[in-house]
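J.: Structure, please.
(chains A and B)
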Amino acid sequence: MDIVVLIKQVPDSTEVKLDPKTGHLLREGIGSIMNPDDRHALEAAVRLKEAQGGKVVALSMGPAQAVDIVSEAIGMGADEGILLSDSAFAGADTWATSSTLGKAIEKIAKYDLVLCGRQAIDGDTAQIGPQVAEYLGLPQVTYACDIEAARDDGTIMVKKRGEGGYEMVQCPLPAVLTVIAEMNRTRYPAIGRLIDACAERAPVQIWNAADIGAKTGEVGLAGSLTHVIRTFAPKGGRRTEMLEGDTGTVVRTLLEKLQEKHLVLPGAQAGAVGQEGKKS
Amino acid sequence: MIRSNAQNLIRESMARFVDNEVVPKAHELDATGEFPRELFEELGRMGVFAIRYPKAKGGAGGNCVLFCTVCEELARGLMSLAATSAMQALMGTNFLFRYGSEELKEKFFHPAMRGEKVACFCLTEPEAGSDLGNASTQAVPTAGGFIINGMKTWVTNGPVADFYTVLCQTNPEKKFKGLNFFFVPADTPGLSRGKPFDLLGTRNTKICEIAFKDCFVPLDHLLGAEGQGMTNLLSILAEIRTMTAALAVGLQRAALNDSIRYARERAQFGKTIGEYQLIQAKIANMAVDLEASRLLTYKAARMVDDKLPCLAEASMAKYFATEAACRAADLSTRIFGAYAYSMEYSPQRYYRDTRFLLYGGGTHEILQTNIAKWAGL
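T.: Presented below is the predicted three-dimensional model:
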């Protein structure tokens, strides 16, 4: 089975801070990593290849330094890596990103499955996988947590996590799956493969807009359907108030404050425990 | 063409491994003193032990700089795991790789690279440490091979090893020129292992004495041309000392990072202790020592890779980085104050583990004597 895995380089932090003046991400002192969910997608792809044969291509879009996650993907078992890097891709929203990735996948041409993480820890949109599927006109299964080997009838059985349970989805190939962390435990890259990925003749290609046949206006900011007017961090945030006194006093005060905010029904009482003020 | 930097990539990858898999277990492993088999096998699967061997012959195709990078990161997490791994990647397998038959390599070298077999190196004897010319373990030629008799001590990985590279004397009259390395599988009749030593530090590095009583080994177990043992040992001595310096750099980083974190958290008299100049001075000294150690270590590593004579540079790196690691561990115990006296905090482990670095790869008493000579005295 030939698999394309979409991977993204993200800041190594879930606590993204913004410059209050410019609205830009503050990246100083924060390293970059492969998006965690994408790592699970890559692991799933490599395991499918190991079980059934085929080829895994890691595909990313980003600035030149994003080549590091493409190299890391080769270290984890991908056979080839492709980085889409061009100033024309800058400022892309999720649709422009998805359609650019889609064009690259069309150029790759030979694939049975496209895997990607559910969402990236920087943008948290979870839109790329579904939009790539839409662009390519392929069926999609999101929140995949297990994949069975491909069947002879050209379908694949995917276990999909839903609210309060799981669904088993039989899906025709080719298809796009978005993967969650529950899927697997990821491996650490093999040292020898990492060294290979950095060599002059490494199986890593850099494609620009012309390489994927993208026209001006189709990619980057110009190809985006949405435009960001302003980015800001919400003001306020959590306000913590510590209640003091014995247990009964604390419970009564807490109830009063919750009632003031209409979070519990008026008249609710602290009960015997609170009234005694002894037990907790 | 845009390409990743291998050293950065390997450092980041190893750092993630160390932070996720080693650091959370380091305290408990140190307390139990057990051989870290699970982590060791994982490192084998990752190809860490193969890093300095050429790709065409079953290695990972790396070099001394990359090897040192891995050693440094591992030492930042747990010195005993780093020391065990360095033994596996360098001294324990080097002569088997260079001089072993294809059959021996198939049976022992390649599984060792995968972490399936444990390698070790027997050099020191009860009466011959720095004075290796006085080694008395003898290999006497016999029909079809050699008979080995003698005793080795301070054998790192000795209690858990599957095979040993043993320095033996084949002709005592020749002193250094009578020294040779022999490959001895652990199940060789006559080989016995002593009880693991109760160690001050690096408690997961299992060390013991190994006794050889009429151990027969076939001719192809002689590793290298006869009489070349000392020359062959000298050929990797610079790399051994550079690697030891890298271990010391890793320990310094751990001590410095923990000290900074603690100095930022611990408050006294209304401010964090990091705001006091005496603490800042300690942190500054550690940082400067670390930077100097790095420069010396990686300079020597690059010289090893460029095949330049660098025993002096490697010895200076080992000497300086290890002494700096001792200073860093000591300073971290002062920054942590009384908490450093508790076995629950890491500075005590760093303090104990630095002792291992003082002796491995050459005592500082010998190194200083040689460095003075190289300096022109």
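
J.: distance of the nearest residue to residue A:78 once chain neighbours are set aside from residue A:102?
T.: The shortest distance from residue A:78 to any non-neighbouring residue, by C-beta to C-beta, 6 or more residues apart in numbering or on different chains, is to residue A:58 (4.1 Å). C-beta: built from backbone N, CA, C; applies to glycine. For residue A:58, the distance to residue A:102 equals 16 Å [C-beta to C-beta, to the nearest Å].

J.: Residue A:62 now?
T.: 16 Å.

J.: about what we covered before: moving C-terminal of the strand or helix carrying the residue nearest to residue A:78, what's the next helix or strand?
T.: Taking DSSP states H and E as the criterion, residue A:58 maps to strand A:56-61. Per DSSP H and E, the first helix or strand lying C-terminal to strand A:56-61 is helix A:67-76.

J.: Excluding sequence neighbours, find me the nearest residue to residue 53.
T.: Answering for chain A, as no chain was given. Spatial nearest neighbour of residue A:53, chain neighbours left out: residue A:1 (7.3 Å); criterion: C-beta to C-beta, 6+ apart.

J.: wrong one, I was asking about chain B
T.: In space, residue B:53 is closest to residue B:59, 2.5 Å off (C-beta to C-beta, 6+ apart).

J.: Please identify which of residue A:58 and residue A:102 sits among more neighbours.
T.: residue A:58 (31 against 21; other C-beta atoms under 10 Å in any protein chain shown).

J.: from what I can see that one touches residue A:9, true?
T.: No: checked against C-beta atoms under 8 Å, the pair residue A:58 and residue A:9 is beyond contact range at 11.6 Å.

J.: Common neighbours of the two, please.
T.: residue A:69 (C-beta atoms under 8 Å, 6 or more residues apart in numbering or on different chains).

J.: residues in contact with residue 18?
T.: Using chain A here. A:24, A:25, A:26, A:231, A:232, A:233 are the contacts of residue A:18 under C-beta under 8 Å, 6+ apart.

J.: think we crossed wires, I meant chain B
T.: B:73, B:74, B:76, B:77.

J.: Could you rerun that using 6 Å?
T.: Contact partners of residue B:18, counting by C-beta atoms under 6 Å, 6 or more residues apart in numbering or on different chains, are B:73, B:76, B:77.

J.: helix/strand/coil for the residue nearest to residue B:53?
T.: coil (DSSP: H, G, I helix; E, B strand; the rest coil).

J.: Also residue A:200?
T.: Using three-state DSSP, the structure places residue A:200 in coil.

J.: tally of neighbours for it?
T.: By the criterion of other C-beta under 10 Å, residue A:200 has 6 neighbours.

J.: Sketch out the helices for the stretch 51-200 of chain A, chain order is fine.
T.: A:67-76, A:94-108, A:128-136, A:191-198 (DSSP state H, counting those that start in this stretch).

J.: deepest of the ones you listed, which one?
T.: Highest mean neighbour count among these (mean count of other C-beta atoms under 10 Å in any protein chain shown): helix A:67-76, with a mean of 27.

J.: If I take that one and helix A:191-198, what angle do their directions form?
T.: When axes from the mean of the first three to the mean of the last three C-alpha atoms, to 10 degrees is applied, the directions of helix A:67-76 and helix A:191-198 differ by 140 degrees.

J.: distance of residue B:280 from residue B:334?
T.: For residue B:280, the distance to residue B:334 (C-beta to C-beta) stands at 13 Å.

J.: returning to that earlier point: from the contacts of residue A:18, pick the one nearest residue B:269.
T.: Ranked by distance to residue B:269 (C-beta to C-beta), the contacts of residue A:18 are led by residue A:26 at 32.4 Å.

J.: That closest one touches residue A:17, doesn't it?
T.: Yes: Residue A:26 lies in contact with residue A:17 (C-beta atoms under 6 Å); the separation is 4.6 Å.

J.: quick one: pLDDT of the closest residue to chain B within the stretch 1-150 of chain A?
T.: Evaluated by C-beta to the nearest C-beta, the stretch 1-150 of chain A has residue A:71 as its residue closest to chain B, separated by 3.9 Å. For residue A:71, the model assigns a pLDDT of 96.

J.: Surely it touches residue B:6?
T.: No: counting by C-beta under 6 Å, residue B:6 is not a contact partner of residue A:71; they are 8.6 Å apart.

J.: which element is the nearest residue to residue B:256 once chain neighbours are set aside on?
T.: With sequence-adjacent residues excluded and distances taken as C-beta to C-beta, 6+ apart, residue B:256 is closest to residue B:286, at 4.7 Å. Assessed by DSSP H and E, residue B:286 sits inside helix B:277-305.

J.: and what of residue B:75?
T.: Judged by DSSP H and E, residue B:75 forms part of helix B:64-77.

J.: Give me the helices and strands touching that helix, please.
T.: helix B:6-17, helix B:79-89, helix B:229-265, helix B:277-305 (3 or more C-beta pairs under 6 Å, 6 or more residues apart in numbering or on different chains; DSSP states H and E).

J.: and these as CSV, adding mean pLDDT?
T.: Shown next, in CSV, are those (pLDDT from 0 to 100):
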stretch, mean pLDDT
helix B:6-17, 95
helix B:79-89, 96
helix B:229-265, 96
helix B:277-305, 98
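
J.: wait, which of these is closest to residue B:149?
T.: Short answer: helix B:229-265, nearest of those by C-beta to C-beta, at 16.7 Å.

J.: That closest one to helix B:277-305, inter-axis angle?
T.: Using the same axes, to 10 degrees, the direction of helix B:229-265 lies 150 degrees away from that of helix B:277-305.

J.: mind checking the SS state of the nearest residue to residue B:42 once chain neighbours are set aside?
T.: Excluding its sequence neighbours, the residue lying closest to residue B:42 (C-beta to C-beta, 6+ apart) is residue B:21, at 6.9 Å. The local conformation at residue B:21, judged by three-state DSSP, is helix.

J.: What's the local residue count around residue B:21?
T.: 16.

J.: try residue A:180
T.: Using other C-beta under 10 Å: residue A:180 sits among 17 other residues.

J.: From residue A:74, how far out is it?
T.: 24 Å.

J.: go on, residue A:2?
T.: 16 Å.

J.: Excluding sequence neighbours, find me the nearest residue to whichever residue of chain A sits closest to chain B.
T.: At 3.5 Å from chain B, residue A:192 is the closest residue in chain A, using C-beta to the nearest C-beta. For residue A:192, ignoring the flanking residues on the chain, the nearest one in space by C-beta to C-beta, 6+ apart is residue B:60 at 3.5 Å.

J.: count of residues packed around the one you found?
T.: Look at residue B:60: counted by other C-beta under 10 Å, it has 26 neighbours.

J.: That one contacts residue B:52, doesn't it?
T.: No: look at residue B:60 against residue B:52 with C-beta under 6 Å: they stay out of range, at 7.9 Å.

J.: In chain B, what residue comes closest to chain A?
T.: Proximity of chain B to chain A (C-beta to the nearest C-beta) peaks at residue B:60, 3.5 Å away.

J.: so who does that residue touch?
T.: A:191, A:192, A:195, B:47, B:50, B:51.

J.: Same list (these) but as a markdown table, adding pLDDT and distance to residue B:150.
T.: Shown next, in a markdown table, are these (pLDDT from 0 to 100; distance: C-beta to C-beta, whole Å):
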| residue | pLDDT | distance to residue B:150 |
| --- | --- | --- |
| A:191 | 97 | 36 |
| A:192 | 96 | 38 |
| A:195 | 96 | 40 |
| B:47 | 96 | 35 |
| B:50 | 97 | 31 |
| B:51 | 97 | 32 |
